[in-house]
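S.K.: need a structure here:
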Amino acid sequence: MGNGWRRAVCLFAAVTMLTGCWDRRELEERTSVVAIAVDAVPGKEELYRVTVQIPIPIKIIGSGGKGGGTSENVVKIMSVTGRTMLDAMSNLQRRLNQRLFIGHTRVLAISEEVARKGMRHIMDSFRRDPQIRRLMWPIIVKGEASTLLKIKPKLVQVPVVYLMDLIESGSKLEIIPDQTLGDYFIQTSNKTMNPYLNYVEASADQVKWIGLAVFSGQRMVGVLNDMQSWVLLQLRNKEKGGDVVIPMPGYKGEFVTFRPHFISTKLHVLEHYGSSGQTHHDTHGARYTVELQGDIVEMTKPLQMDPKAYIQEMQKLIKQEMEKRARNLIRILQKEYRSDVLKLGSSLRAHHYHDYWKKHDWNKEFPNFPIQVEYIIKLRRLGMETQ
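M.R.: Numbers count the residues shown, from 1 in each chain. Just a heads-up that it's a prediction; the model follows:
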């Protein structure tokens, strides 16, 4: 009897702890949004136009039904207006026969016009909502953001998947940064840095990555083109960036292409450092040393010279070009945008808190802070033609 009672009590205790799925909801009972676009309403500054892309499961290949539709009919595009993001989503819910679900949203497209006015009002609801994935990609769109949701690519069924594949493949190649919503929240909450977001341009049937949108706080202040963005990735993220195409000296219309494969970036924050090389008692400075190893993958006119001299000449030309691009990037960030997207302030606060950071206002100091960049180029392969 004693053993029987103990077993009964254990069984009863186990049953009481089984909660079950009391709040479950089938996928077919939800309207899942995969992409959201936010635009300004012309003539009405107090309103936003929110556009969503909703896939139609039964029309997608592999959905279990008679799927196989084209990208024109496998998604539904809907637009609403609202004074805030939640107001717009509430207006959208009134037009749907099922509960709106944004837990699967992967892309948040924001027009450049909205971003330049400031995104704090938009991002507040996304920061508070527990359904929102921090792995979502916020993207700035040149022109209207809704254009990004209306593209009709021929390679995939769901248009937003085309954009997702573009960012994922570019991230693996280290030519497009994998900048997520979580990264944006961290950077806007940190006083030592400013965020950036991917900047794209959309047309009727395609989308193109054209650079990075630079922010000061939560307001967009400028744009970096592809070459400037790759230098930023090399300095900030230690990513190799894209191909370097430079003109061949002495030959008009002839070019050589260098493709980086390995990168090593080191940041040295120096005390009592002056841009002229002289020391000062109250000045700090930063020096980036970037080592790029890569190959010559294209040359429109072969040079007739000794291989050793050829290597030295190419390394010199590429070094000059990369340091020129770096100086241009630093000038733009300091003098035009006045935004530390390099995360230089983070290093100063971590390693020079008492002797520099605590004594200075970084937002005021950054535009005049001495920054130098040195490139070390190492050619691994010269191509079959040169060999």
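
S.K.: Every contact and neighbour count from this point should use C-alpha atoms.
M.R.: Fine.

S.K.: who touches residue 147 in this structure?
M.R.: Shown in contact with residue 147 (C-alpha atoms under 8 Å, 6 or more residues apart in numbering): 202-204.

S.K.: what's the helix or strand for it?
M.R.: helix 146-149 (DSSP states H and E).

S.K.: And residue 297, by the same measure?
M.R.: Assigned by DSSP H and E, residue 297 belongs to strand 284-299.

S.K.: Any regions of the chain where pLDDT drops low?
M.R.: 1-2, 15-29, 59-72, 272-282, 383-387 (pLDDT under 70).

S.K.: just to revisit the earlier point, show me the contacts of residue 147 that map onto strands.
M.R.: Mapping these onto strands (DSSP state E) picks out residue 202.

S.K.: for the chain, longest helix please?
M.R.: Ordering each helix of the chain by length in residues (DSSP state H) puts helix 307-331 first.

S.K.: Just give the number of residues close to residue 214.
M.R.: For residue 214, the neighbour count with other C-alpha atoms under 10 Å is 26.

S.K.: Go ahead and list the helix or strand containing it.
M.R.: Per DSSP H and E: strand 207-216 holds residue 214.

S.K.: so where do the helices sit in the protein?
M.R.: With helices called from DSSP H, the chain shows them at 2-16, 85-93, 112-117, 120-128, 146-149, 159-172, 181-188, 226-232, 307-331, 344-351, 362-365.

S.K.: Present these as TSV; the columns should include distance to residue 33.
M.R.: Shown next, in TSV, are the helices of the chain (distance: least, C-alpha to C-alpha, whole Å):
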stretch	distance to residue 33
helix 2-16	37
helix 85-93	11
helix 112-117	21
helix 120-128	14
helix 146-149	11
helix 159-172	11
helix 181-188	16
helix 226-232	30
helix 307-331	38
helix 344-351	36
helix 362-365	38
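
S.K.: Just the buried positions in stretch 250-263, please.
M.R.: Buried residues in stretch 250-263, counting neighbours by 16 or more other C-alpha atoms under 10 Å, are found at 255-261, 263.

S.K.: I meant to write stretch 40-50 there.
M.R.: Of all the residues in stretch 40-50, those buried under the rule 16+ other C-alpha under 10 Å are 40, 47-50.

S.K.: what about it, distance to the chain center?
M.R.: Here stretch 40-50 is found 26 Å from its chain centre; the criterion is C-alpha atoms, centre = their mean, to the nearest Å.
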